[in-house]
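Colleague: attaching a predicted model along with its sequence, questions to come.
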Amino acid sequence: MSRISEKFHTLRAKKEKALIIYLTAGDPSLAVTKELILAMETAGADILEIGIPFSDPTADGPVIQAAAQRALKNGTTLAGILEMIGELRQVSQIPIVLFGYFNPIFAYGTKKFALAAQKDGVDGVLVVDLPPEEARELRQYSDAAGIDFISLIAPTTGSARERQIAAQTAGFIYYVSITGITGTAAPVIADIKIAVDRIEKITKLPVAVGFGIATPEQAREIGLLADGIVIGSAVVRMIDENRNNPELVKVVAGYVSKIKQALR
Amino acid sequence: MSRISEKFHTLRAKKEKALIIYLTAGDPSLAVTKELILAMETAGADILEIGIPFSDPTADGPVIQAAAQRALKNGTTLAGILEMIGELRQVSQIPIVLFGYFNPIFAYGTKKFALAAQKDGVDGVLVVDLPPEEARELRQYSDAAGIDFISLIAPTTGSARERQIAAQTAGFIYYVSITGITGTAAPVIADIKIAVDRIEKITKLPVAVGFGIATPEQAREIGLLADGIVIGSAVVRMIDENRNNPELVKVVAGYVSKIKQALR
Amino acid sequence: MKNQPDKYGHFGIFGGRYAAETLMPALIELQEAYKAAQKDKTFRKELSCYQQDYAGRETPLYFAARMTKALGGAKIYLKREDLNHTGSHKINNTLGQALLARRMGKKKVIAETGAGQHGVATATVAALFGMECRIFMGEEDIRRQAPNVFRMKILGAQVVPVSSGTATLKDAMNEAMRYWVSSVRDTFYIIGTTAGPHPYPQMVRNFQSVIGKETKKQIRKIAGRNPDVLVACVGGGSNAMGMFYPFRNEKDIAMYGVEAAGHGLNTSQHSASINAGKVGVLHGNKTYLLQDDHGQVRDAYSIAAGLDYPGVGPEHAYFHSIKRVNYVTVTDREAVAAFSFLSLQEGIIPALESAHALAYAMKIAPKMAKNKIIVICLSGRGDKDAQTIIEEKLL
Amino acid sequence: MKNQPDKYGHFGIFGGRYAAETLMPALIELQEAYKAAQKDKTFRKELSCYQQDYAGRETPLYFAARMTKALGGAKIYLKREDLNHTGSHKINNTLGQALLARRMGKKKVIAETGAGQHGVATATVAALFGMECRIFMGEEDIRRQAPNVFRMKILGAQVVPVSSGTATLKDAMNEAMRYWVSSVRDTFYIIGTTAGPHPYPQMVRNFQSVIGKETKKQIRKIAGRNPDVLVACVGGGSNAMGMFYPFRNEKDIAMYGVEAAGHGLNTSQHSASINAGKVGVLHGNKTYLLQDDHGQVRDAYSIAAGLDYPGVGPEHAYFHSIKRVNYVTVTDREAVAAFSFLSLQEGIIPALESAHALAYAMKIAPKMAKNKIIVICLSGRGDKDAQTIIEEKLL
Ligand SMILES: Cc1ncc(COP(=O)(O)O)c(C=O)c1O
Ligand SMILES: Cc1ncc(COP(=O)(O)O)c(C=O)c1O
């Protein structure tokens, strides 16, 4: 069982919901990213999504776009990110999902990527612009390397396609709670409930809900409906706002623990 | 016999060549125009061409264009010009040709114009843009009023057309000495000689040469070839340059007498 | 209807050849060369090849469905002269005259221009036939119509700024005529509208008649019959004459020539020569002119630089005198509204000149039955006007 | 040649549908709607009516006699896409997609634009069909291409300034995709070139193929045979694909796709994705991209704003891989020289994009025999570029 499945397993047993945190690697620096991950783990984060910065993040809102640009300006590369995760693994077993767009992975080499990810302790990969139809070129290597291929289901997906996606996913299903880009709208609880209920009927995989969640209240409400929630832009914004604050790590950890409380 | 024909007759007898001076009526004012005419007569001008200012003088160079604009700004009208000539006639018998474009005459009324011109002592009319083909609408009245209809012959005219024009002209023939607009180029003596010789073979009318003559030397040379010369832009420029000079009239008269000397 | 003009270029009492003697022989030579060319199959063939392969004719006759629906009356068709190479009907004429110039062995051409459309169309054919080209343009217009000045320069033409008078179209034409007087032996003057001395009004009319001829053929194919109404804007009158002339003998067709009322006929800011002018003589022909009581020509004004001319083609004056065409007016404001209306309804940005024709059609279409047909001559595209409209916040 | 793409939009290893899940259903729906429309006679008829009566097709295939003579080699023909309504080939595609949008019941359209040509063509069809229209455009391009911004506004489109990234075309496309993710249920995204996720590259190719189909018919009528060489500029690749595709199986015809070399391939200032890029994935498809070693997409540069794109249509990548088309490059300087050359020789001011194709033809024509035939796709008119050329004293 992968670290991701194990985590959901443990949480289910505890009747807790998974708190999945997204942050852009390299913003403000890879060193700080590493510190943040460790602090967030301590504060209660269950799974981490590490964003690979890309020049053209077409599914992201302004907050994550800007974070990616800053990270790229800092010279952040996929190789560097993998190395950072490798280091992290010496001190932490928190499940890690690499989250990003296909081109940086393609440029790195899909086979080389799968092997390196495995070696450095990556647990899952979520490639925003790699739908099932195109996934084989990565999965032929990443599946073999034991890396969970996590898929998105969107409000637009439709039931036949949901079934197809669910059947091919590993780790968990990421339900996108708004029809939109990251961090731009607040999710509507009633709609999410209908969708998650439907998805849960077709898969045994855990379902996490993300896009637009920012407050403990939203976390609690949505946590009641699904197996986990993903927070992204809210954390990325907080990192940016506190970039010059010596207490950055503490501030973010405090936020994470407040959210986690809401999920217990 | 018209005052114009009489003048050429007298001059021929004296073996003198006619000095025809053009000036734009109303520049700088009709009163000064009148003064200038009288002074030029005294100084030796034989015939005067009084330019009727027009908004769109397409056959004139910059000097006469500007004079027309100044005259129009002063409120100069054809009616005013005729009146001025009427006054002039009480003290002078110098032959007067009204020179201009057709529209101001047409707007005044061709019949009314012919009658007024006759009454006020106009001797001839030269309408730049009224070729023989279109002349009837004016000549039906002006011929009847005894006003000489003076025509232009240009270097481009060609011999058949020269004949036709000569046959229909009264007073004198105005040979345009350059292919161009007024005051913009110096005439070429050799070309003029050929043209005037040819014209003199087809008509008994006096031939005057104009466009571009400015100096006594030019006047003498061309005077040798024809029955008269016309000076326009040179005088108009002089009037403009001396507009604020209390000696204006004297300066112009001095110039005229110098030219006339060259023609004796 | 009697064939017009007579051999001296008279359309009724209008037209003629009121030109300086220096030009008369050239005008007569031109008239004869044109007559010979008209009879020459090769010339006609050549012209029609260039019209087709180069200018892009025939232009469509487009049924403006949304505009028709929005107005709720007669069916509206647009004759798409805006699709011609260089963006207006002007090329129909410059192609014809340039071919004639070539036939006459002239290697230099000149033209006057106001909005710059005729200047561009002339510079274009000059390049096409390898002729030297000089375009006279008022300094004020050079400033207002910079994009067209750029185009002319790129096409290799020399743009001569004219500062005399009001430094607009009328003065540019004066200056072109002056230059022509000095260069008439080797230079062909390509006049841009149905004005000037004979044979220009007739010649330009004939070159532009391709508009009406195509329209006739097209509408008969589409609707099986003639249109009920024709509408065209009238600056010098070439696009209107091109549209109207081939239909002149079809008595049932009502024709509207739309003059620019600018800020209103009750002001001095307009270009409505027929509606508010008097008969006079300018630029070689007798016609309606904006002028004062003393025969001094007044400045014309219109938001559409191409209508900004104080005269009008003599054949229009004639059609007015015999009541064959109704000459009506449209203000700046109405034209701008029509400009916007067509852009939004049909995705076609019309020239402000053409917008005058549209505006008038918009007035009459709603009052007409749905089975009636109006054809509007869309004389040009409005790219040249877009900046003015936006920057002066006219929309 | 095997029919491309496969049902997932692959042209060989290129193309595909690399899109966010939110968009996938819409892309599949679009693909199906498009397939149905293709089979529907009414749709095809409708499209061809608008192409003819509205856009002004067919466009001429013009024999450039003076240019041919000046170059002294192969006969040069120009396919005159510059004569289309709105001034370029872009309208061929926007008409097709807008008709499809209407068929699908979509009342809103969006588009990205760089030079503004596709933006204008989209705003145009949106007005024509009464659709709400939003155009995404980089702030830098809004500044550079003001006249086209004015046109879009007059046509009723909302121009959305994009300040992210380098504020040019690539970013405008990013932003359009983001907006589309949020509005995909009621909004149709009209992509302007043979790029984007499947079915766009195929669909745009097919809508643009009218260029090559007409050319084939025309040249056979004129010359009784196929051309020897086809030349077209390649930005995203839509005009080139429209010209090449119908000739792809005619083995004897050499085809040249001309990429923008900007300041030179040895600098970082160019847009030569095929000649100087590497395979990657952007904007929904796999193709050649200008990118760094880490898969970050680089900024493209060209004096021709419409070529200023770091990718290229996947079918071009495929044609390159199978060596069906030769992809070559032309610098800014060469393009400007060709711009001027055509203006002066033929009186046709080409778009700077099209000038790249001309420049390449100028290199090869002199070396070819006089009985050979080159057809150049003159994708658009250069009015939009005249100001730049004059003001930057490039001539
Ligand atoms: C588009 C357009 N329409 C109309 C006119 C007016 O000229 P005319 O009355 O000769 O057609 C012009 C003149 O520049 C023009 O550019
Ligand atoms: C005139 C013209 N040609 C070519 C292009 C390049 O696009 P494509 O390669 O899709 O034809 C553009 C893009 O704006 C254009 O405006």
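Modeller: Sure thing, it's come through. Ligands and ions are numbered 1, 2, ... in the order given.
Colleague: mind listing the helices for the stretch 251-395 of chain C?
Modeller: Remark: helices of the stretch 251-395 of chain C, listed N- to C-terminal, are C:273-276, C:314-321, C:332-346, C:352-364, C:383-391; assignment by DSSP state H, counting those that start in this stretch.
Colleague: which residues touch the third one?
Modeller: Going back to what we said before, that points to helix C:332-346. Residues from elsewhere that reach helix C:332-346 (C-beta atoms under 8 Å, 6 or more residues apart in numbering or on different chains): C:64, C:66-67, C:70, C:78, C:260-263, C:302-304, C:330, C:348-350, C:352, C:355-356, C:358-359, C:362, C:382, C:385, C:389, C:394-395, D:127-128, D:154-156. C-beta coordinates here come from the backbone N, C-alpha and C atoms, glycine included.
Colleague: now the strands for the chain?
Modeller: Defaulting to chain A. With DSSP state E applied, chain A shows strands at A:18-24, A:47-51, A:96-100, A:124-127, A:148-149, A:151-153, A:173-176, A:207-210, A:228-231, listed in chain order.
Colleague: ah, no, chain C please
Modeller: Taking DSSP E, the strands of chain C run over residues C:10-11, C:14-15, C:61-63, C:75-80, C:108-113, C:132-138, C:158-162, C:187-189, C:229-233, C:254-262, C:278-282, C:285-289, C:326-331, C:373-378.
Colleague: nearest to ligand 1, out of those strands?
Modeller: Closest of the strands of chain C to ligand 1 is strand C:229-233, at 5.4 Å (criterion: C-beta to the nearest ligand atom).
Colleague: what's the neighbour count on the residue nearest to A:Asn103 when sequence neighbours are not counted?
Modeller: With C-beta to C-beta, 6 or more residues apart in numbering or on different chains as the criterion, A:Asn103 has its nearest non-adjacent residue at 4.2 Å, and that residue is D:Gly295. Neighbourhood size, D:Gly295 [other C-beta atoms under 10 Å in any protein chain shown]: 25.
Colleague: tell me which of the helices of the stretch 251-395 of chain C sits most buried.
Modeller: Ranked by mean neighbour count under mean count of other C-beta atoms under 10 Å in any protein chain shown, the helices of the stretch 251-395 of chain C are led by helix C:352-364, which reaches a mean of 29.
Colleague: so, in contact with chain D or not, that helix?
Modeller: No - when contact is scored as C-beta under 8 Å from any C-beta of the partner chain, no part of helix C:352-364 falls within range of chain D; the minimum is 11.5 Å.
Colleague: the inter-axis angle of that helix versus strand C:229-233?
Modeller: Put simply, helix C:352-364 runs at 150 degrees to strand C:229-233, going by axes from the mean of the first three to the mean of the last three C-alpha atoms, to 10 degrees.
Colleague: residues contacting the residue nearest to C:Gly56 when sequence neighbours are not counted?
Modeller: Nearest in space to C:Gly56, with sequence neighbours left out and distances taken as C-beta to C-beta, 6+ apart, is D:Leu83 at 4.1 Å. Under the criterion of C-beta under 8 Å, 6+ apart, the contact partners of D:Leu83 comprise C:56, C:83-85, D:56, D:59-60, D:381.
Colleague: hmm, try it at 10 Å
Modeller: For D:Leu83, the contacting residues are C:54-57, C:59, C:83-87, D:55-60, D:62, D:348, D:378, D:380-381, taking C-beta atoms under 10 Å, 6 or more residues apart in numbering or on different chains as the criterion.
Colleague: ok, back up a step: so which of the strands of chain A gets nearest A:Phe106?
Modeller: Between A:Phe106 and the strands of chain A, the shortest gap by C-beta to C-beta is with strand A:124-127, which sits at 9.6 Å.
Colleague: does any bit of the closest one sit next to chain D?
Modeller: Yes - Strand A:124-127 reaches chain D (C-beta under 10 Å from any C-beta of the partner chain) through A:Val127.
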